[in-house]
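**Student:** Fold the following and give me the result.
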Amino acid sequence: MDRLNFFLDSDNAAEAIGRDLGRIFDIRILPVDLLQDTSPGSCQVFDINLHDGSLLVEIRKWLTRKPKGSKVIVAVDKASRADKVQAFALGATDIIHRPITSKALLKLIIGDIDTISGDYSRWPFNSLASVSSAFSALEDVFSSAFFGEPLDLDKVHAAGEQLVDSIEKNGLGAWIGCVRHHHSLTYQHSLIVTGVAVAFGQHLGFSSKDREKLAFAGMLHDIGKARIPLSILEKPGALDAEEMEIMRKHPEFGYEALASTPGIPIDMLDMVVHHHEYLDGSGYPHGIGADEISDLVRIMTISDIFGALIERRPQRPPMSGEAAYQVLVNLGPKLDQELVKAFHFAASVVVVNPSLGSVKGAYVRPHGNGPN
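**Tutor:** Numbering: from 1, shown residues only. Below you'll find the model as predicted:
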């Protein structure tokens, strides 16, 4: 977990914030007198007297030791212009109004999760009502992880049932054609991967119940991204090395978000934390090998890679289904190549329109012995 230092100069009530955010951060609530005994972390919050000149000088000097890119959040009285001036003079990257609430603080640290959901009622989903249901369930999944609130498993299961029915009736291409319109890369990816996994399960002859399990897994697989700062998660370009290191924490963040949720099967936790592992041990976060990677994880890893390659991304055009499939083949021993061979059905589902630079879903029923 990232460390959050919360400095107070009084007996302000911070227990609730410590309890709420302690699930996400290594939070330390400290009197400002202990400033010099503490090292700066990835985020520091100050709720202090902003008119104590000697204290402000001490804090400014202490902040010169903070890590690159770390946040400094300072509490101010909403009506006080002087407080705001002092906060930014101190070195604040953000200000927060008193009294501080957990949700307001979390939005400043990570970003406003609501901005990536948008108003899905306005999107062209009339032909596939199940897409709207899936986006609503996914919004709940990310919100629960973001705020540390209970996950509505029944809603996710219900959306999964509709998704399975939609893929069976309308095909994977129709699903992708709708989902790709979402403005959020994060939501788009999650539901493209979910649809791909469900279609793969249908092609493999899985029962409806097992396909619903794949739908459930798909909607949960990236839940840890709710704890990645939105500036990284929704960045309209390639991530640098430091940002990529943070992004690679999302499987572990996902495990932490779900581990204490009643009713979550162990195989789902395994899938969430290990869907970026490779059979040759070169994946992350644990570098496990083939004997430790379950069939569910293998299916989700293939679906995840394929989904990422066919998505529209600001930094690169989407791949056609055939080109994306060839990437899976070229990964060789990293993936279960028997499953990769079976996955070839998906290659003809997605094509690229070069003039638009976007993905177009082709109507292909995801079953049979190969692409139709």
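
**Student:** Excluding residues flanking it in the chain, which one is nearest the residue nearest the centre of the chain?
**Tutor:** The centroid of the chain falls nearest to Lys225 when counting by C-alpha atoms, centre = their mean (1.9 Å). Leaving out its chain neighbours, the residue that sits closest to Lys225 by C-beta to C-beta, 6 or more residues apart in numbering is His250, at 4.8 Å. Every residue, glycine included, has its C-beta placed from N, CA and C.

**Student:** Look at that neighbour and say how many residues are nearby.
**Tutor:** 24 (other C-beta atoms under 10 Å).

**Student:** again with Ile266
**Tutor:** With other C-beta under 10 Å as criterion, Ile266 counts 7.

**Student:** again with the one 5 residues further on
**Tutor:** Met271 has 27 neighbouring residues, counting by other C-beta under 10 Å.

**Student:** Would you verify that the residue nearest to the centre of the chain is located in a helix?
**Tutor:** Yes. Under DSSP: H, G, I helix; E, B strand; the rest coil, Lys225 sits within a helix.

**Student:** follow-up on the earlier one: tell me the contacts of the residue nearest to Lys225?
**Tutor:** Counting by C-beta atoms under 8 Å, 6 or more residues apart in numbering, His250 makes contact with 222, 224-225, 227-228.

**Student:** Out of those residues, the closest to Ile48 would be?
**Tutor:** Of all the contacts of His250, Arg227 has the smallest distance to Ile48: 27.1 Å, by C-beta to C-beta.

**Student:** Does that closest one touch Ala257 like I think?
**Tutor:** Yes. The pair Arg227 / Ala257 is scored as a contact, 7.1 Å apart, by C-beta atoms under 8 Å.

**Student:** okay, and the common contacts of the two?
**Tutor:** With C-beta under 8 Å, 6+ apart as the test, Arg227 and Ala257 both reach Ala145.

**Student:** From Leu151, how far out is Val85?
**Tutor:** 42 Å (C-beta to C-beta, to the nearest Å).

**Student:** the more surrounded of the two?
**Tutor:** More neighbours surround Leu151 than the other of Val85 and Leu151, with 20 against 12 (other C-beta under 10 Å).

**Student:** give me every residue that touches the nearest residue to that one once chain neighbours are set aside.
**Tutor:** Spatial nearest neighbour of Leu151, excluding adjacent residues (C-beta to C-beta, 6+ apart): Ser144 at 4.3 Å. Contact partners of Ser144, counting by C-beta under 8 Å, 6+ apart, are 150-152, 257.

**Student:** Can you give me the buried ones in the helix or strand harbouring Ser144?
**Tutor:** Using DSSP states H and E, Ser144 sits within helix 129-147. Under the neighbour-count criterion of 16 or more other C-beta atoms under 10 Å, helix 129-147 has 130-135, 137-147 buried.

**Student:** Same question for stretch 256-269.
**Tutor:** 256-258, 264, 268-269.
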